[in-house]
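Asks: Next comes the sequence, and after it the predicted model I'd like to discuss.
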Amino acid sequence: MALDAYADASDDALLVLYGNGDPVAAELLTRRLAPRILGFAARLLGGDRAEAEDVTQEAMLRLWKIAPDWRTGEAKVSTWLFRVVSNLCTDRLRKRRTVDIDAIEEPEDDTPAAVDRMIQADRAAALQAALSSLPERQRIAVTLRHIEGETNPDIAQIMDISVEAVESLTARGKRALAQALAGQREELGYGKD
Amino acid sequence: MAKTDKNMLDDHELEAFFNAARNDTATPSDALMAAILDDAATEQAGRDASPSSLKDKSLVQGKDRRQRRGFWADLRASMGGWPALAGMATATIAGVWIGFVSPAQLEAMSGGLVLSGDYSTSAQTYVLEDFAPSYLGTDVFMEDEG
């Protein structure tokens, strides 16, 4: 099957193939990239899934549009997409300005049957709530560095700032998160560790 | 290592939160995947239908540029481009300058003929021998010898 044939191709190569009219490349690129940027967008948007889906579709549309002019080797496709998503989310956040932390789902009460899984889910939800309370740029930098696993130079490119500025933003962001989450140490399972 | 601050998680504890977030992956809905692929197909089809889908864009743009070139650009090109025009412009300015300033050296070299000379009397200023002394003035020398 054609999808298998392209399995080892880089994002860069797939985008060029798409730009040249290849019908399969788009599907593979979407499967690879859409989940990542959807997750990233959802984190930046305070967990708003519907809005994150809108942003994902818009970002991918921009990728399809730029495909014929894409210059291989200049930037990673994922880096380019993270940048577009950051900008789209920042625009949307500016429009609503205040992030309603109450709108984020509260962790459900745990049941004895699946405590571990619940703890994981609760931690993820608590982190999401804490992330939402961070200033925008700290939130973007911390999410890219510690959740998406991007390197500092890539983050610098995505955010259009220096590597030193990235280090400063992530350090301040992490510190703020560590403080915000300290109060939930016991209820999130650390009492049992 | 002892916890140094009750009001702050240490790196290890915070990492557990990040880890939980990394495992909490988002799965795009089928509707979203379909919409994205639909956009991709529409974009691709749109490009194929338009002339800009030609692979060699530089050729298309080059052709457009030639078609847009106007009369002056054609004239300039026929003279040899900007370098040739620069030479012509220098010569023109030099001519105008000579006309206005009337440099004395030029006067001396031309014997007053070129710029301020009285053209109606030039025949009296110069006799024919001045221009061809070797043929017409030999009798003078012969007379002296004789």
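Replies: Structure received.
Asks: Every contact and neighbour count from this point should use C-alpha atoms.
Replies: Fine.
Asks: Show me the domain layout of chain A.
Replies: A:1-97, A:107-193 (automatic domain parsing).
Asks: hey, least reliable of those domains by pLDDT?
Replies: In terms of average pLDDT, domain A:107-193 trails the rest of the domains of chain A, at a mean of 83.
Asks: Does that domain reach chain B?
Replies: Yes - using CA under 8 Å from any CA of the partner chain as the criterion, contacts between domain A:107-193 and chain B involve A:120-121, A:123-125, A:127-128, A:146-148, A:175, A:177-183, A:185.
Asks: secondary structure class for the residue most central in space within chain A?
Replies: Centroid check for chain A by CA atoms, centre = their mean gives residue A:40 as the closest residue, at 1.6 Å. With DSSP: H, G, I helix; E, B strand; the rest coil as the basis, residue A:40 sits in helix.
Asks: Likewise for residue A:46?
Replies: coil.
Asks: on that earlier part again, weed out the non-buried ones from the residues of domain A:107-193 next to chain B.
Replies: A:120-121, A:123-125, A:127-128, A:146-148, A:175, A:177-182, A:185 (16 or more other CA atoms under 10 Å in any protein chain shown).
Asks: Restricting to C-alpha, output whichever strand or helix holds residue A:175 in CSV.
Replies: Assigned by DSSP states H and E, residue A:175 falls within helix A:163-182. Extracted in CSV, the C-alpha atoms of helix A:163-182 (Å, rounded to 0.1, in the frame of the first residue of the first chain):
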residue,chain,number,x,y,z
VAL,A,163,17.4,30.7,23.1
GLU,A,164,18.3,32.6,26.3
ALA,A,165,14.7,34.0,26.4
VAL,A,166,13.3,30.5,26.0
GLU,A,167,15.4,29.3,28.9
SER,A,168,14.2,32.2,31.0
LEU,A,169,10.5,31.6,30.1
THR,A,170,10.6,27.9,30.8
ALA,A,171,12.5,28.4,34.1
ARG,A,172,9.9,30.9,35.3
GLY,A,173,7.0,28.8,34.0
LYS,A,174,8.3,25.7,35.7
ARG,A,175,8.7,27.6,39.0
ALA,A,176,5.2,28.9,38.8
LEU,A,177,3.8,25.5,38.0
ALA,A,178,5.7,23.9,40.9
GLN,A,179,4.2,26.5,43.3
ALA,A,180,0.7,26.2,41.8
LEU,A,181,0.7,22.4,42.1
ALA,A,182,2.3,22.1,45.5
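Asks: isn't the residue nearest to the centre of chain A right up against residue A:142?
Replies: No - using CA atoms under 8 Å, residue A:40 is not in contact with residue A:142; the gap is 11.0 Å.
Asks: Endpoints of stretch A:66-82, how far apart?
Replies: 15 Å (CA to CA, to the nearest Å).
Asks: got the contact list for residue A:11?
Replies: With contact taken as CA atoms under 8 Å, 6 or more residues apart in numbering or on different chains, residue A:11 is in contact with A:29, A:76, A:77, A:78.
Asks: how far away is it from residue A:4?
Replies: For residue A:11, the distance to residue A:4 (CA to CA) stands at 14 Å.
Asks: Repeat that for residue A:136.
Replies: Counting by CA to CA, the gap from residue A:136 to residue A:4 is 39 Å.
Asks: Next, count neighbours for the closest residue to residue A:42 other than its chain neighbours.
Replies: Closest residue to residue A:42 in three dimensions, ignoring its sequence neighbours and counting by CA to CA, 6 or more residues apart in numbering or on different chains: residue A:52, at 4.9 Å. Burial measure for residue A:52: 25 neighbouring residues, criterion other CA atoms under 10 Å in any protein chain shown.
Asks: Report the secondary structure element holding residue A:52.
Replies: helix A:49-66.
Asks: Can you give the distance from that helix to the centre of its chain?
Replies: On the basis of CA atoms, centre = their mean, to the nearest Å, helix A:49-66 is displaced by 13 Å from the centre of the chain it belongs to.
Asks: Give me the contact list for it.
Replies: With contact meaning CA under 8 Å, 6+ apart, helix A:49-66 is reached by A:19, A:30, A:34, A:37-39, A:41-42, A:45, A:81, A:84-85, A:88-89, B:28, B:32, B:35-36, B:39-40, B:43-44.
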